[in-house]
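Undergrad: Give me coordinates for this.
(chains A, B, C and D)
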Amino acid sequence: MDFGLSEDQVLLKETIRRYLGSECPTTRVRAIMESESGHDAALWQGLADLGVPGLAIPTPHGGAGLELLDLALAAEELGRACTPGPFLGCAMASAALLASEDSDAKARWLPAVASGRAIVTVALGEEGGVWDAAALTTRARDGRLTGRKLLVPAAAVADAILVAAQDGDGPGLWLVERGAPGLEVAALRGTDMTRRVAAVTLGDAPGVVVAGGRRAIDRARDAGLVLLAADAYGGARRCLDMTVEYALTREQFGQPIGGFQGVKHQLADLATELEPALSLWWYAAHAYDHIPERLERHAALAKAHLTDLYDRAARVATELHGGIGFTWEYDLHLWFRRAVFDRAFLGDAELHRLRAADLAGW
Amino acid sequence: MDFGLSEDQVLLKETIRRYLGSECPTTRVRAIMESESGHDAALWQGLADLGVPGLAIPTPHGGAGLELLDLALAAEELGRACTPGPFLGCAMASAALLASEDSDAKARWLPAVASGRAIVTVALGEEGGVWDAAALTTRARDGRLTGRKLLVPAAAVADAILVAAQDGDGPGLWLVERGAPGLEVAALRGTDMTRRVAAVTLGDAPGVVVAGGRRAIDRARDAGLVLLAADAYGGARRCLDMTVEYALTREQFGQPIGGFQGVKHQLADLATELEPALSLWWYAAHAYDHIPERLERHAALAKAHLTDLYDRAARVATELHGGIGFTWEYDLHLWFRRAVFDRAFLGDAELHRLRAADLAGW
Amino acid sequence: MNLAYSAEYERFRTEVRRFLGEHWNEAPSGAADSIADLTGAHVRTDARATAFRLLAIERGYLYRHVPRRYGGSEQPGDPLKSTIIAEEFRRARAPFEIMGQGPSMLVPTLLEHGTEAQKERFIRDTLLGTIRWCQGYSEPGAGSDLASLRTRAVLDDGHWVVNGQKIWTSNAREAEWMFALVRTEPEKAKHDGISYLLIEMNTPGIDVRPLRQMTGDADFNEVFLENARVPADNIVGRRGQGWVVSRSTLKHERALIGGAHLTRRTFDGLVMLAQAVERGGRPVIQDPVIRNRLAELEARLVAAEYHGYRLLTLSARGNDHGLGGMVTKLYSTTLGYDIAKLAMDVVGDRGLLAPGEPNAPAMGMFGLAYMWSLGVLIAGGAANIQRNIIAERGLGLPRDARK
Amino acid sequence: MNLAYSAEYERFRTEVRRFLGEHWNEAPSGAADSIADLTGAHVRTDARATAFRLLAIERGYLYRHVPRRYGGSEQPGDPLKSTIIAEEFRRARAPFEIMGQGPSMLVPTLLEHGTEAQKERFIRDTLLGTIRWCQGYSEPGAGSDLASLRTRAVLDDGHWVVNGQKIWTSNAREAEWMFALVRTEPEKAKHDGISYLLIEMNTPGIDVRPLRQMTGDADFNEVFLENARVPADNIVGRRGQGWVVSRSTLKHERALIGGAHLTRRTFDGLVMLAQAVERGGRPVIQDPVIRNRLAELEARLVAAEYHGYRLLTLSARGNDHGLGGMVTKLYSTTLGYDIAKLAMDVVGDRGLLAPGEPNAPAMGMFGLAYMWSLGVLIAGGAANIQRNIIAERGLGLPRDARK
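TA: Sure, this is the predicted structure:
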């Protein structure tokens, strides 16, 4: 019985945190997010050199052979540092590929993702708040895909997109390569400028099926839910830390504002909610590899709860910072914006709570 | 344009407050609530002598000929003082009788209620959280009633009960007199010991129809909703006042606890929610007599909102009082218990919010 | 209690309407007017609008609290008439009193503390919008705590030489003048030693830089003052009394109904949004969780609306607003935030799209509103300051302990 | 991360099970065990239970941190083994360590500060439940603020003469002894001058009166002390050091998993309640508003459960709990309150029926739980005190300003 991080995991977090601290301060975050593509290949390659995209990819496919928990610890650090890039798309795509039986696709794409040579993402959500495999309207027929996907992460820089669609047998995943005829990727402007999304339109675009059934789609979604929860925790924690630090230095009425009980209690309440919430997503991440029957429900609970908390943390932080927290120059809004993404992507808190209730058999 | 109380209304409130202050301190509240019947005829007669039960009964029927707002102002004061008695049942019954076309019933019962000579109540709710006229299972046939009513206020001391039931034509109200054969009134133990409820079982009991259709039932319900909102406001305000006073006198760590910002902000938040909420129930009460097309929705909104606030006020008050607020001897729990009644009776906040949404045409 | 206006007031309303019909006959633009559209005519200061305002002042409709000799219409205080005028001008989309900090904050200050020369020079032009003002109170690190102001003014050869920095100055790019609080007696503590100065914005040494806020736009400015020389008699009130002078400004209440009116529009927009957006194949408005939250918000909104009428009635009767007046800001900003937050939940996944993005419901304007609702929580006295005021002045609790 | 126990610990669990099977073969009572039922066997102190406890101590299962010479089993600290023992004893409903303030608070205090004579006289009997204790800390007007204690003890002819009043003393009617904080040096300020005394409850001058709490029952007492004479050597630790002595007590952590376990049972009961209660002709559990709230609570409950495992792991690794340990109480009491409140909403209109009323769902026990959940919020350091501790010790924010 050991519900804690291993030494290697602590080291992994420290390594990523140190790397991002020196290579991705908020000045660079801002430069990347204000760039056309929102993607910095050098930064991503640096993370790939640390092994980040391949953490949960088995060693035969060029990864570190670790678990989703390790990947989620990386997500926590990326969230903490507000790091831009295609992490989420690649992680979800890897999860999907690992659940596929297509050894050619695995051999071709997993090592490329792990090494940072290729960016692969997943196109799941559709118009009308649809994120469930059973409700997809994108159609596959004879290796051709037709439909429209909204909110595809990192699609504009992706070498391949795993498209969730339905054919006569039900849902499955088809791989569409960059530049395929009939594939249109239209960048969308998002509130969170660190993780770009695009609308992907498929007009009879050629795709290769890589997984039949909904399992690969579900694995990608559940990995995504856990990683969003971890990102949210990292971001919320950072909001708390920034605000504590600000409250210790900023003076008002002749004393640090952190000495006012009103401020102290708001921060104490936030810390009280955040501290145990760590174990909620740790558990969901652990379940991904070890307790599959609990995964879906706990991933849903973790995503809903942590992204709600992130929103709250960003609000409390902004409010307690006062005017400066509302400026563009001050970094706080980077996390505020990121919280908006975490809350919305893959469906909001209510959607996942109602799913969790269904899955509990209530 | 005048959205405020008249001088008469202010005087009415003051008169009732003074009367209750001298005649119904919490020592008497406790004596009454610990008595078998929970009813003190002398106190009720005193209130009747002030005109309370007849405030909204027209003068030809022996009342003061005022409006529901005036009755609600009395309810606010009764709520503030946590006064025991059959006020709510009588008020709802009067509202129902006034909506009836039965001039005999009006002539017989309204003057009696107004003068305090008779107690009449309404039996509406049934098992399964049913409060809507259309869903009643109590049946009337040939002047005989069969069914079971839960949570009938003041039923054990009532001279007559207006029973909401359905016959072949739909819902209506039947008057059943005390001691009628087939009428069983079983007192229930309630959390709020100031307003007793009973289960009323009707086994082929004789009843006289006093109103056909659902209008009289709805008027009684809407009056009840507004009066509960007013009671809740009076009680919540009292919780706030008691806690402010306590915070000014109780010292901890060498200063009055009201000097701690944590306490100050909790009380300020409560005051901030309560102060505008006054206008919400004033408006609903005003609508009862002047803007009938807005009544149902705003009565539902007011009941839901004010009883939620009352619950919150009772919680904050109890928490800030610390140990003493948790004792039986200290009076605070009287309001805590009354808040439980206000929240539950006639259906809870969610039920009325969803009704309000329907009524808004959303 | 009577929500109708009496015959006297209804006659007054008819008179206002007739006046508007005769003198402002622009056709309303019709459906779907935005907030900007709504307020548009209010801020028009072209010749036609000015001519209209002069007429309306002559008739006693605008600037009723300002004496005629300074350009107002000098009417006895009557909150109901003021409300009727505001309602009818809004309905007709006619130029109303100029919004902004000149008429609302500077003019009352000058009326109370200004010299005769200052009154004559500034008030009339401010009321007509020919002089525009910005407010120079906030400084970096001194938001709610004006006692810690650092901008200094030193008297030198008949001029105040001003050095320092102001922040959150809206309209600084358009304004001709700024009214500002500066420290003139640095040896005095806190609130003492602050003076209230009128500073022309084209004074050499003044540099206005747009300040981007978190939404990405720059609706505010920073104003840098470096040896800006301001004539000595541009001080309002006595030297060192600027704190008192500026506080007197705040006593002049703004319209009591206007705030809830805008919140109502936002809320109605939210309901329409919930009717338009689909999730899982059906309109979000059919989701009981959303319906429940909408009804909870509407109860608070109705409370805010009639709370405004209650305060208006208190004013009309000459009574103080008491605790009721103190809670209004905190109540409405919290409500505004919660409405914006529910809107984010209504749009669901597409809430992550930025304002202006065509694929976002309502063009993503609710995301913008969400960020602004936070800004509003912060501005105008942060929530915790409001809570302290309510606790201390409203509930009579002790002042904070100080170290 | 590994939620399974290692082979070594699984062997240990098997060993514990075998022991229980051999020595405590009472059949579990089966379904629907109440909380009282759950803890029932734990508090049994009859001869059979005592014999069993002695055996269990001999085997090293109970009171592992207490030396053998005082009646404990003196085992090396091992939070995992402790957890396994607690789990298995609970499963078998076997007599466990005596609950209550004697073993949990007094024994650790004596071990740290007691004289040899005190240890020998009290510890063994306390562990076996033959001496029962109550705690005399709280006084009227001095809940969280022990510095303002007023009960006084004056040394007179080899005895402390104690005068004063204690409140919220649970078990005072049953206990043979009380450990109490009293002021022995009235001239010293605040925390100084308090001493820790052991007082026999049958001492003349002690009067125990039941204290009814808001639920209507009397689960607590007031204890009045009037010239109660306590032998001088019944002091624990040095005179005037009672504050330090009593604080050392609080360092001994209680089981980390137990709290969430009880909350889980309550929550599962709430789900069953929502399945059983109907509103508008269908089970409340089908209402999306309720489902949404249930799922929100369950996320917090799962967080609390695994937070317990995280802290247990920290203990097992010999690490400090840090901030994580400080928030546990506030988190779980708030969660408990919210669960109780949702239960009230689930029962809807019938929530107004009192506990024990047969017409109420679940006999109205959720109404009782609602009131208790408030009591728990208040007890054990009111929420605002907890927040201060978290802010100051956990987040490093400054201490409160004092007047």
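
Undergrad: drop to CA atoms for contacts and neighbour counts, all remaining ones
TA: Noted.

Undergrad: nearest residue to C:V289 other than its sequence neighbours?
TA: Once flanking residues are discounted, C:V289 sits nearest to D:V289: 5.0 Å by Cα to Cα, 6 or more residues apart in numbering or on different chains.

Undergrad: element containing the one you found?
TA: D:V289 belongs to helix D:288-316 when assigned by DSSP states H and E.

Undergrad: just A:H265 next, same as before
TA: Taking DSSP H and E as the definition, A:H265 sits inside helix A:261-290.

Undergrad: mind checking which helix or strand of the chain has the lowest mean pLDDT?
TA: Here I'm looking at chain A. strand A:251-252 (a mean of 86; mean pLDDT, DSSP states H and E).

Undergrad: that's the other chain; I wanted chain C
TA: Min over SSEs of chain C, mean pLDDT, DSSP H and E: helix C:35-43 (a mean of 49).

Undergrad: distance of whatever residue of the stretch 101-250 of chain C ends up closest to chain D from chain B?
TA: Chain D sits closest to C:D145 of the stretch 101-250 of chain C, with a gap of 18.1 Å, by Cα to the nearest Cα. Distance of C:D145 to chain B, given as Cα to the nearest Cα, to the nearest Å: 17 Å.

Undergrad: pretty sure that residue contacts A:F253?
TA: Yes. Between C:D145 and A:F253 there is a contact under Cα atoms under 8 Å: 6.3 Å.

Undergrad: Please say which of these two ends up with more neighbours.
TA: C:D145 (18 against 15; other Cα atoms under 10 Å in any protein chain shown).

Undergrad: OK, contacts around that one?
TA: A:Q252, A:F253 (Cα atoms under 8 Å, 6 or more residues apart in numbering or on different chains).

Undergrad: what does C:I235 give?
TA: With Cα under 8 Å, 6+ apart as the criterion, the residues that contact C:I235 are C:S195, C:Y196, C:L197, C:L198.

Undergrad: again, 10 Å this time
TA: C:113-115, C:118, C:160, C:179-181, C:195-199, C:242 (Cα atoms under 10 Å, 6 or more residues apart in numbering or on different chains).

Undergrad: before we move on, what about C:R387?
TA: Applying Cα under 10 Å, 6+ apart, we find C:R387 in contact with A:262, B:261, B:264-269, B:271-272, C:326-327, C:330, C:381, C:393-394.

Undergrad: before we move on, back to that, next, give me the two most distant ones among the contacts of C:I235.
TA: The span of the contacts of C:I235, defined through Cα to Cα, is set by C:H113 and C:W160 at 18.9 Å.

Undergrad: The two: which has the busier surroundings?
TA: Neighbour count, other Cα under 10 Å: between C:H113 and C:W160, C:W160 has more, with 23 against 20.

Undergrad: circling back: tell me the helix or strand right after the least confident helix or strand of chain C.
TA: helix C:47-58.

Undergrad: buried residues in that following helix?
TA: Neighbour counts over helix C:47-58 (16 or more other Cα atoms under 10 Å in any protein chain shown) mark C:A49, C:T50, C:F52, C:R53, C:L54, C:A56, C:I57 as buried.

Undergrad: With stretch C:320-336 instead?
TA: Of the residues in stretch C:320-336, C:323-336 count as buried by neighbour count, 16+ other Cα under 10 Å.

Undergrad: quick check: mean pLDDT across it?
TA: Stretch C:320-336 comes out with an average pLDDT of 93.

Undergrad: touching chain B at all, that stretch?
TA: Yes. Counting by Cα under 10 Å from any Cα of the partner chain, chain B is contacted by stretch C:320-336 at C:L323, C:G324, C:G325, C:M326, C:V327, C:T328, C:K329, C:L330, C:Y331, C:S332.

Undergrad: is that stretch anywhere near chain A?
TA: No. Interface with chain A: stretch C:320-336 contributes nothing (Cα under 10 Å from any Cα), its closest point being 11.7 Å away.

Undergrad: dump the residue contacts of the residue of the stretch 151-300 of chain C found nearest chain D.
TA: Among the residues of the stretch 151-300 of chain C, C:V289 lies closest to chain D, at 5.0 Å counting by Cα to the nearest Cα. Neighbour list for C:V289: A:E350, B:E350, B:L354, D:D287, D:P288, D:V289, D:I290, D:R291, D:N292, D:R293 [criterion: Cα under 10 Å, 6+ apart].

Undergrad: again, but for A:A205
TA: Going by Cα under 10 Å, 6+ apart, A:A205 touches A:140, A:143-147, A:176-177, A:179-184.

Undergrad: which among those residues are in contact with chain D?
TA: Checking the contacts of A:A205 against chain D by Cα under 10 Å from any Cα, not one of them is in range.

Undergrad: Tabulate the residues you listed (TSV), appending pLDDT, neighbour count and secondary structure.
TA: Output for the contacts of A:A205, formatted as TSV (pLDDT from 0 to 100; neighbours: other Cα atoms under 10 Å in any protein chain shown; DSSP: H, G, I helix; E, B strand; the rest coil):
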residue	pLDDT	neighbour count	secondary structure
A:A140	97	27	strand
A:G143	95	16	coil
A:R144	97	18	strand
A:L145	98	28	strand
A:T146	98	20	strand
A:G147	97	19	strand
A:V176	98	24	strand
A:E177	98	18	strand
A:G179	96	12	coil
A:A180	97	14	coil
A:P181	97	13	coil
A:G182	97	15	coil
A:L183	98	21	strand
A:E184	98	19	strand
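
Undergrad: can you give me the helices in chain C?
TA: Using DSSP state H, the helices assigned to chain C run over residues C:7-23, C:35-43, C:47-58, C:79-92, C:101, C:107-113, C:116-128, C:242-250, C:258-276, C:288-316, C:322-347, C:365-378, C:383-389.

Undergrad: If I average pLDDT within each of those, which one is lowest?
TA: helix C:35-43 (a mean of 49).

Undergrad: what sits against C:T313?
TA: Counting by Cα under 10 Å, 6+ apart, C:T313 makes contact with B:M1, B:D2, B:F3, B:G4, B:L5, C:M1, C:P79, C:L80, C:H307, C:N319, C:H321.

Undergrad: Please apply the same query to C:K81.
TA: For C:K81, the contact set (Cα under 10 Å, 6+ apart) comprises C:Y9, C:E10, C:F12, C:R13, C:V16, C:Y61, C:R64, C:E87, C:A316.

Undergrad: Tell me how far it lies from A:A64.
TA: Distance, C:K81 to A:A64, using Cα to Cα, to the nearest Å: 76 Å.

Undergrad: out of the contacts of C:V289, which one sits closest to C:G269?
TA: Nearest to C:G269 out of the contacts of C:V289 is B:L354 (Cα to Cα; 19.4 Å).
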